[in-house]
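Enquirer: give the three-dimensional model of this entry:
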Amino acid sequence: MARREGPAVWALFLWPGGHHHGAWRLPGSTGDDLMSFENYKRMAQEAEAAKLDIIFLGDRLDAWPLPNDYLAKTARGARLETITTIAALAAVTQRIGLVATASTTFSEPFNLARMIGGLDHISHGRAGWNVVTSYTDDQAQNYGLDHIPPRPERYARAQEFLDVVKGLWDTFEDDAVIRDKEAGQFFHAEKFHKLDHKGEHFQVAGPLNMERPPQGYPVICQAGASADGIAFAARNGEVLFSVNSSIDRAREYYTKIKDGAVAAGRDPDSIKVLASINPVIGRTEEEANEKYERMQALLDDGVSRHFAEMYFGIDLAQYDMDELVPEIELPEVARGMPRAHQEYMLTRARDQGLTMRELVQGFNGTNIYPKSAEAAADEFQEWYETGACDGFILQISDVPEGVSDFCEHVVPILRERGLVRDEYAGTTLRENLGLAYPANRYAK
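Expert: Purely as a prediction, here's the structure:
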């Protein structure tokens, strides 16, 4: 495979308290102030100054399903709602893309079409929507259900949901609004369309009471890695977030996604696959190791064990903790994390020859490990240039310090190697990612 050239795509995944479960306890961390918009503002502006592409906010529609005594020892029980937070960030940034998470299982298409479309207008074309189906009973129980619907049903609903939302975004053709004050004509009536959708899951008349978003459609993001999730991403996704335990597995996954796009009749370059690589950065390897060990020392053993049991939906008492991690049959319905993340954690443990005890003790987040700035840049470069991904989603272990460490120490090395842009290519997220502007279905 020829080595690719040009900048990668860089997304910063902000999570309250940081992605390492003990990092909020660091003396210099502001991760203990979960409701502070100033924290989000600071990190978003720092990422924009570094010319990263995306600020991404994940979400859950519950508190983490841990017993209260253990949840109370984490920074996982509270967070800001993503759409309102992204709207606020739009007012304090100018070029960086802004992606909010919203569920198709517990929302209505008309509402989300307005909210996500509104974000695109407010941000002048920098919005993206992370389309999730939600995946746990704990979330379902906040919406009048005892159990989460089966995965095939959730993805069928998600497909119809997204189709309806795009149809609503097409209400106004691109050249419909003319604002002719002299003639008293605001828009061409023949370029304004009612959807009249009647499907299996939704009945939505429309029209949407909003002009078409600046990007046509805000950028569609997705993180599914099950068979249903991959099929959905191949058909609809434009930015796909992935986790893989090795560069070889990442290349296999990358090929599967690109082939799926072709099978769905799409240009494979219309999907940007972002890999999760999340080093704890130090100027030297020794400094990185010291920082990592400080965070590890702040993990509560009981919390780590319960996190592992919650994430995998299993009782650890049935396993010999000093034996190598075996093949584990995962439950059909996840509690703590999507199936793709469960499989990733177990695959990584088996690839590295970990015992069950080491798996639990290292259960600090997703793919978090210490690296010097130079070594981290080397790893990013290898993954990108050898076809494992189109860019990266950075799940920073500690906030806001980890964001500063990456922007101050790693970005200059990556920029020197041509992997981070010098300036933004355009004013919209689509332009910066090199994604095509979608045609309106009604345009002739």
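Enquirer: buried residues in the longest helix seen in the chain?
Expert: Longest helix in the chain by number of residues, with DSSP state H as the criterion: helix 151-169. Residues of helix 151-169 classed as buried: 151, 154-169 (neighbour count, 16 or more other CB atoms under 10 Å). Every residue, glycine included, has its C-beta placed from N, CA and C.
Enquirer: point out the other helices and strands that the helix or strand just after that helix packs with.
Expert: The C-terminal neighbour of helix 151-169 among helices and strands, as given by DSSP states H and E, is strand 177-180. Applying 3 or more CB pairs under 8 Å, 6 or more residues apart in numbering; DSSP states H and E, one finds that strand 177-180 contacts strand 185-187.
Enquirer: give me the below-cutoff pLDDT ranges for the chain.
Expert: Within the chain, the segments meeting pLDDT under 70 span 1-3, 31-32, 332-341, 362-367.
Enquirer: tell me where it has strands.
Expert: Counting by DSSP state E, the chain has strands at residues 9-14, 54-57, 97-103, 127-132, 177-180, 185-187, 197-198, 203-204, 219-222, 239-242, 272-275, 278-282, 368-372, 391-395.
Enquirer: hmm, residue 178 and residue 186 touching each other?
Expert: Yes. Contact criterion CB atoms under 8 Å: residue 186 and residue 178 qualify, at 7.2 Å.
Enquirer: what count of nearby residues applies to residue 94?
Expert: 12 (other CB atoms under 10 Å).
Enquirer: oh sorry, the question was meant for residue 117
Expert: 25.
Enquirer: wait, what's in contact with it?
Expert: Counting by CB atoms under 8 Å, 6 or more residues apart in numbering, residue 117 makes contact with 168-169, 208, 210, 213, 218.
Enquirer: can you count the residues close to residue 408?
Expert: Residue 408: 14 neighbours (other CB under 10 Å).
Enquirer: that should have said residue 316, apologies.
Expert: 15.
Enquirer: thought it was touching residue 304?
Expert: No. At 10.6 Å, residue 316 does not count as touching residue 304 under the criterion of CB under 8 Å.
Enquirer: shared neighbours, the two?
Expert: residue 360.
Enquirer: isn't residue 291 right up against residue 370?
Expert: Yes. At 6.8 Å, residue 291 counts as touching residue 370 under the criterion of CB under 8 Å.
Enquirer: go ahead and confirm residue 7 touches residue 417.
Expert: No. The criterion here is CB under 8 Å, and residue 7 misses it with residue 417 at 9.8 Å.
Enquirer: which one of the two has more residues nearby?
Expert: Per other CB under 10 Å, whichever of residue 7 and residue 417 has more neighbours is residue 7, with 19 against 15.
Enquirer: next one: the more buried one from residue 421, what distance?
Expert: Distance, residue 7 to residue 421, by CB to CB, to the nearest Å: 5 Å.
Enquirer: contacting residues for residue 165?
Expert: Taking CB under 8 Å, 6+ apart, we find residue 165 in contact with 109, 112-113, 116.
Enquirer: how about residue 431, nearest residue that isn't a chain neighbour?
Expert: residue 425 (5.6 Å; CB to CB, 6 or more residues apart in numbering).
Enquirer: so the one you found is in contact with residue 432, correct?
Expert: Yes. Counting by CB under 8 Å, residue 425 does reach residue 432; the two are 5.2 Å apart.
Enquirer: more neighbours, these two?
Expert: residue 432 (23 against 13).
Enquirer: list the contacts of that one.
Expert: By CB under 8 Å, 6+ apart, the contact list for residue 432 reads 53, 95, 97, 424-426.
Enquirer: with residue 172 instead?
Expert: Listed by CB under 8 Å, 6+ apart, the contact set of residue 172 reads 187, 191-193, 210-212.
Enquirer: ok, the closest residue in space to residue 309 that isn't next to it in sequence to residue 310 distance?
Expert: Spatial nearest neighbour of residue 309, excluding adjacent residues (CB to CB, 6+ apart): residue 316 at 5.5 Å. For residue 316, the distance to residue 310 equals 11 Å [CB to CB].
Enquirer: check residue 143 too.
Expert: 20 Å.
Enquirer: one more: residue 422?
Expert: According to CB to CB, residue 422 and residue 310 sit 43 Å apart.
Enquirer: more crowded one of these two?
Expert: residue 310 (21 against 8).
Enquirer: ok, that one to residue 70 distance?
Expert: Residue 310 is 9 Å from residue 70, by CB to CB.
Enquirer: repeat that for residue 394.
Expert: Distance from residue 394 to residue 70, by CB to CB: 27 Å.
Enquirer: again with residue 104
Expert: 30 Å.
Enquirer: which one's more surrounded, those two?
Expert: residue 104 (24 against 18).
Enquirer: surely that one meets residue 129?
Expert: No. Under the criterion of CB under 8 Å, residue 104 makes no contact with residue 129, lying 9.9 Å away.
Enquirer: overlap of the contact sets of the two?
Expert: Joint contacts of residue 104 and residue 129 (CB under 8 Å, 6+ apart) are residue 112.
Enquirer: enumerate every residue touching the residue lying closest to residue 214 once chain neighbours are set aside.
Expert: Excluding the flanking residues, the one nearest residue 214 by CB to CB, 6+ apart is residue 125, at 3.5 Å. Going by CB under 8 Å, 6+ apart, residue 125 touches 213-215, 427-431.
Enquirer: so which of those would you say is closest to residue 400?
Expert: residue 429 (22.9 Å; CB to CB).
Enquirer: residue contacts, the closest residue to residue 419 other than its chain neighbours?
Expert: Of all residues not flanking residue 419 in the chain, residue 8 sits nearest, at 5.1 Å (CB to CB, 6+ apart). Contacts here follow CB under 8 Å, 6+ apart; on that basis residue 8 touches 380, 384, 389-392, 419-420.
Enquirer: no more questions from me, cheers.
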